[in-house]
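In: Provided below are the primary sequence and the corresponding predicted coordinates.
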Amino acid sequence: MSQVLREADFLMVPGVFNPFTAILAKKVGFKAVYLSGAALTSSYGLPDIGLITLDEVAEMIRRIKEVVDIPIIVDSDTGFGEAMNVYRTVRVLEKAGADAIQIEDQRMPKKCGHLEGKEVVEPLEMVQKIKAALKARRDALIIARVDSRGVIGLDDAIERAKIYLEAGADIIFPEALTSKEEFTKFAKEVKAPLLANMTEFGKTPYIKAQEFKEMGYKYVIFPVTIFRVAAKAMKDALEVLLREGTQINLLDKMINRQQQYEIIDYFFYERLDKELGSIKLVRKL
Ligand SMILES: C[C@](O)(C(=O)O)[C@H](CC(=O)O)C(=O)O
Ligand SMILES: [Mg+2]
């Protein structure tokens, strides 16, 4: 399925954090999804500082791929360890169903790339991780995320991107650029398939997908958008429920039972149950 990612002209990729959200993204018409570390950890009630484990991410990929056949770009933070660990990370995540794996050049404890106080490793350390990832992968694309814009500066980020590209990374992800001009300059200097991160409340101003496309970006992710929208909707609903003692005023904000069941393919199981129930033994005991 990495072929879809490879051959696409331009892809808008929403962040998801469980199978249900991945199914929704596909049903709405998105061609790929991004398993966001930030959204996944938030959904576990944890901050995005590298607390999540390889197995937890692999398990979520497996669950998503069990119910939806859509290419999945996976956020592996810093690859769960050193270069040697990255080798195993890529093998495990690809086996679980990852079509592209993102590794970032932060030092642990990592942070959201749009926060202050993060640190980056030496470029050599990241190159070793990229080489390990390439050795381990069968078909999955390897995305090198450059975090140094917010730590050292744009020129350093551009230089690192070139180094990571030479090391063999398939896609470059410049994190937390601060203006359209920076995205334009980056794309001019780094001749690679590029991924832009259009997250909210961060360092990057709001830029439309079409504008990223025109600047030469191949992918744009909206990693935490639906998580944040859903979180607000859930909080508001809980408040209404507590205050009013009834959900009557929430009904028009809900998907109904029929819609919910369609999303999770309930009716298929209903048919299957009937079919299995109608089987008769040809030869009696
Ligand atoms: C893309 C990202 O790595 C993620 O985990 O989704 C985050 C997004 C965010 O925190 O808004 C990031 O570090 O940019
Ligand atoms: Mg992340």
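Out: Everything's here; your move. Ligands and ions are numbered 1, 2, ... in the order given.
In: Pull the number of nearby residues for Gly202.
Out: Neighbour count for Gly202, taken as other C-beta atoms under 10 Å: 18. Using the backbone N, CA and C atoms, a C-beta is placed for each residue, glycine as well.
In: nope, Met254 is what I meant
Out: Neighbour count of Met254, defined by other C-beta under 10 Å: 12.
In: same question, the one 4 residues further on
Out: Here the number of neighbours of Gln258 (other C-beta under 10 Å) works out to 10.
In: Three-state assignment for Trp118, please.
Out: One correction, residue 118 is Lys, not Trp. coil (DSSP: H, G, I helix; E, B strand; the rest coil).
In: so who does it touch?
Out: Listed by C-beta atoms under 8 Å, 6 or more residues apart in numbering, the contact set of Lys118 reads Gln106, Arg107, Lys110, Lys111, Asp147, Gly150, Val151.
In: how much space between the last one and Phe80?
Out: If you measure Val151 against Phe80 using C-beta to C-beta, to the nearest Å, the figure is 21 Å.
In: The stretch 51-200 of the chain: helices as residue ranges?
Out: Secondary structure of the stretch 51-200 of the chain (DSSP state H, counting those that start in this stretch): helices located at 54-67, 83-96, 123-136, 154-167, 180-189.
In: what's next to the last one, contact-wise?
Out: Looking back up the chat, that one is helix 180-189. So helix 180-189 is in contact with 149, 154, 157-158, 161-162, 174, 177, 194, 196, 205, 207, 211-212, 215-217, going by C-beta under 8 Å, 6+ apart.
In: Let's see that with 6 Å instead.
Out: Contacts of helix 180-189 from elsewhere in the structure, counted by C-beta atoms under 6 Å, 6 or more residues apart in numbering, are Leu154, Ile158, Pro174, Leu177, Leu194, Ile207, Met215, Gly216.
In: again with the second one
Out: The set of residues that contact helix 83-96 without belonging to it, under C-beta under 6 Å, 6+ apart, is 54, 58, 61-62, 74, 76, 79-80, 101, 128-129, 132-133, 136-137, 140.
In: Likewise for the fourth one?
Out: With C-beta under 6 Å, 6+ apart as the contact definition, helix 154-167 has outside contacts at 123, 127, 130, 144, 146, 148-149, 172, 174, 182, 189-190, 192.
In: Throw these into CSV and include neighbour count, thanks.
Out: Formatted as CSV, those follow (neighbours: other C-beta atoms under 10 Å):
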residue, neighbour count
Pro123, 18
Val127, 21
Ile130, 25
Ala144, 28
Val146, 29
Ser148, 26
Arg149, 23
Ile172, 25
Pro174, 28
Glu182, 18
Glu189, 14
Val190, 21
Ala192, 17
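In: Near ligand 2, list only the ones from those residues.
Out: Residues shared between the contacts of helix 154-167 and the neighbourhood of ligand 2: none [C-beta under 5 Å from the ion].
In: What residue in this structure comes nearest to ligand 2?
Out: The nearest approach of the chain to ligand 2 comes at Gly37, 3.3 Å away (C-beta to the ion).
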